[in-house]
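[1] quick check, what structure comes out for this input:
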Amino acid sequence: MVSNAQANQRTLAKLLVVAAVMFGFGFAMVPFYRAICDALGLNSVIKADAVANTQVDAARLLTVEFDTNLRSGLPWTFTPLEKSVRIHPGALTQVTFEIRNHSDRAVTGQAIPSYGPPQAARYFKKLDCFCFTQQTLAPGEIKRMPVVFVIEKDLPQDVNTITLSYTFFEVEGKSKKAG
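    Here you go, the predicted model:
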């Protein structure tokens, strides 16, 4: 007859074996998961140094110039922190603009973009832009605003310079007097 102590020792040994097998199975899952994903073409695991953006046309350089304008009466200064950038078509690019409210009241404005040459607008894709929303600045406030964009690589070959111009307009009824 087996005593309770012997039965407990056997149960403990079995549980330790099960725990060790489960621990090993957890480690085995990583290469097993990669092999299945590679075979099925799902969620491929790629080393960071092997990643290349195949959408970038490294053989071509463009100049993107930035122009800023304010409608009369808007008490702001508005400038790009960089006047121009040299980029490859397809490359993700970020530039920053700065606005400053010189008045004693909160002012709300909206920026409207335009492009030169006009056909460049079809190839200029903004992912993030202050022009997507109205901007409200408190009296004396300074705000830096990013624009993140990609110029598609199928931009016509004869276009080597693009001008991105923004004009800020005051949004009527949104400004408040300082109190």
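[2] where does the protein dip in pLDDT?
    1, 27, 32-33, 36-54, 174-179 (pLDDT under 70).
[3] 50 instead, please
    Across the chain, the ranges flagged by pLDDT under 50 are 44-51, 178-179.
[4] any idea how it splits into domains?
    Structural domains annotated on the chain: 1-51, 62-170, as defined by automatic domain parsing.
[5] any chance of those domains in JSON lines, with mean neighbour count too?
    For every residue, glycine as well, the C-beta is placed using N, CA and C. Output for the domains of the chain, formatted as JSON lines (neighbours: other C-beta atoms under 10 Å):
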{"stretch": "domain 1-51", "mean neighbour count": "9"}
{"stretch": "domain 62-170", "mean neighbour count": "16"}
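[6] hey, where'd the strands end up in this structure?
    Counting by DSSP state E, the segments of the chain that form strands are 62-70, 76-80, 84-87, 93-101, 107-116, 124-129, 135-137, 142-151, 161-170.
[7] direction included, what does the third one pair up with?
    Within its sheet, strand 84-87 is paired with strand 62-70 (antiparallel), according to DSSP bridges.
[8] do the same with the last one
    Applying DSSP bridges to the sheet, strand 161-170 is found paired with strand 62-70 (parallel), strand 107-116 (antiparallel).
[9] what's that strand in contact with?
    62-71, 73-74, 76, 78, 97, 99, 107-117, 120, 124, 131, 135, 147, 151 (C-beta atoms under 8 Å, 6 or more residues apart in numbering).
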